[in-house]
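Enquirer: Below: sequence and its predicted model.
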Amino acid sequence: MNYSRTNWLVKKAVLSILTVGIVGAWQAASAADIIGVITLKGTPPAEKDITPLMDNPDCAAMYNGKMPTTHFYVVGPNGEFADVVVSLKGVTGKSTGASAPPAVLDQKGCLYSPQILAVQTGQKITVRNSDTCVHNVHCTPAVAGNAERNDVQMPGGADLTYTFPQPEMFLRFKCDVHPWMFAWVSVFDSPYFSVSDKDGKFVIKNVPPGKYTVEANHRKLGAQTQDVEVADKDVTVNFNFEIK
Ligand SMILES: [Cu+2]
């Protein structure tokens, strides 16, 4: 074997060791998603008509005579249950909120949109007024360290920005001009949470390997938990809520 052939073999061996090392490190650091579907069994109480909204000409103009209602139970035809906040219980100190894109809380048709929102500690919440009337954004946290604020927002006014440093479930936003307007913002000290969509689906992305308790929390029906172990494959966890 000549020198250059030996040299090439040595280089090839070093390269394979490096490759194995890099792939190994990548696998060790891999993460997986926790996915699932939330369903509701039984018939929830009927939503309430928001009649005072229709007494307000600015707000009523957006509904063409069709009465808006509350959104306490957002359920699909096969029990697909939306607006359930799913998170990893007790995971703290992992927030990437400071560098996460802002979450948007809009005021449209004299309702908050969305009405159930989840963010990280330190993540910006952009509150917008898409309506032609004035709103009064009033957040009323219950956890020490999260500040109450009360801000007037004119139609076409600049976006407002809120952040909360402490975890809190269902932190209330209300409007002091329109007493039916509420949004409930859950704040987590990690990026590991999700809100179920209209199909009842949720995804908690890039969860590091480990054992966790997954909590599904609905504002009216309370919380359920399930234990899971995450390795290197996606894990499915479904929750079923029931109206008794
Ligand atoms: Cu308002």
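Expert: Great, that's in hand.
Enquirer: shaky segments in this structure?
Expert: Applying pLDDT under 70 to the chain flags residues 1-29.
Enquirer: where's the residue nearest the centre of it relative to the ion, distance?
Expert: Central residue of the chain (C-alpha atoms, centre = their mean): Ala118, 3.4 Å from the mean position. Distance from Ala118 to the ion, counting by C-beta to the ion, to the nearest Å: 22 Å. (C-beta placed from N, C-alpha, C; glycine too.)
Enquirer: Phi first, then psi, for the nearest residue to that residue once chain neighbours are set aside.
Expert: With C-beta to C-beta, 6 or more residues apart in numbering as the criterion, Ala118 has its nearest non-adjacent residue at 4.4 Å, and that residue is Ser186. Dihedral angles phi and psi of Ser186 (degrees, to the nearest 10) take the values phi -100, psi 130.
Enquirer: if we can go back for a sec, and the residue nearest to the centre of the chain, what does it touch?
Expert: Val85, Ser87, Ala103, Val185, Ser186, Val187, Phe188, Phe193, Ser194, Val195 (C-beta atoms under 8 Å, 6 or more residues apart in numbering).
Enquirer: now the closest residue to Ser190 other than its chain neighbours: how far from Val152?
Expert: Once flanking residues are discounted, Ser190 sits nearest to Lys94: 3.7 Å by C-beta to C-beta, 6+ apart. Using C-beta to C-beta, to the nearest Å, Lys94 is found at 35 Å from Val152.
Enquirer: quick one on the thing from earlier: return the list of strands paired to the helix or strand harbouring the residue nearest to the centre of the chain, each annotated with direction.
Expert: Ala118 belongs to strand 116-120 when elements are defined using DSSP states H and E. Partners of strand 116-120 in the sheet, by DSSP bridges, are strand 182-188 (parallel).
Enquirer: who does whichever helix or strand comes after the partner strand pair up with?
Expert: As assigned by DSSP H and E, the chain's next helix or strand after strand 182-188 is strand 193-195. Strand 193-195 sits in its sheet next to strand 85-88 (antiparallel), going by DSSP bridges.
Enquirer: got the CA positions of the strand it pairs with in CSV?
Expert: Extracted in CSV, the C-alpha atoms of strand 85-88 (Å, rounded to 0.1, in the frame of the first residue of the first chain):
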residue,chain,number,x,y,z
VAL,A,85,-55.0,24.5,27.1
VAL,A,86,-52.5,21.6,27.2
SER,A,87,-49.1,21.9,28.9
LEU,A,88,-46.4,20.0,30.7
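Enquirer: which residues sit against it?
Expert: Here strand 85-88 makes contact (C-beta under 8 Å, 6+ apart) with 34, 36, 38, 116, 118, 169-170, 186, 188, 190, 192-196, 202, 204, 207, 212-218, 239.
Enquirer: now the angle between strand 116-120 and the next helix or strand after it, please.
Expert: Next helix or strand after strand 85-88 toward the C-terminus (DSSP H and E): strand 103-108. Using axes from the mean of the first three to the mean of the last three C-alpha atoms, to 10 degrees, the direction of strand 103-108 lies 150 degrees away from that of strand 116-120.
Enquirer: Please see if strand 103-108 touches the ion.
Expert: No - Strand 103-108 lies out of reach of the ion by C-beta under 5 Å from the ion, never closer than 6.1 Å.
Enquirer: list the contacts for the residue nearest to Ser190?
Expert: For Lys94, the contacting residues are Asp189, Ser190, Pro191, Tyr192, by C-beta under 8 Å, 6+ apart.
Enquirer: In a markdown table, list those residues along with neighbour count and distance to Pro68.
Expert: Shown next, in a markdown table, are the contacts of Lys94 (neighbours: other C-beta atoms under 10 Å; distance: C-beta to C-beta, whole Å):
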| residue | neighbour count | distance to Pro68 |
| --- | --- | --- |
| Asp189 | 19 | 35 |
| Ser190 | 20 | 35 |
| Pro191 | 19 | 33 |
| Tyr192 | 21 | 34 |
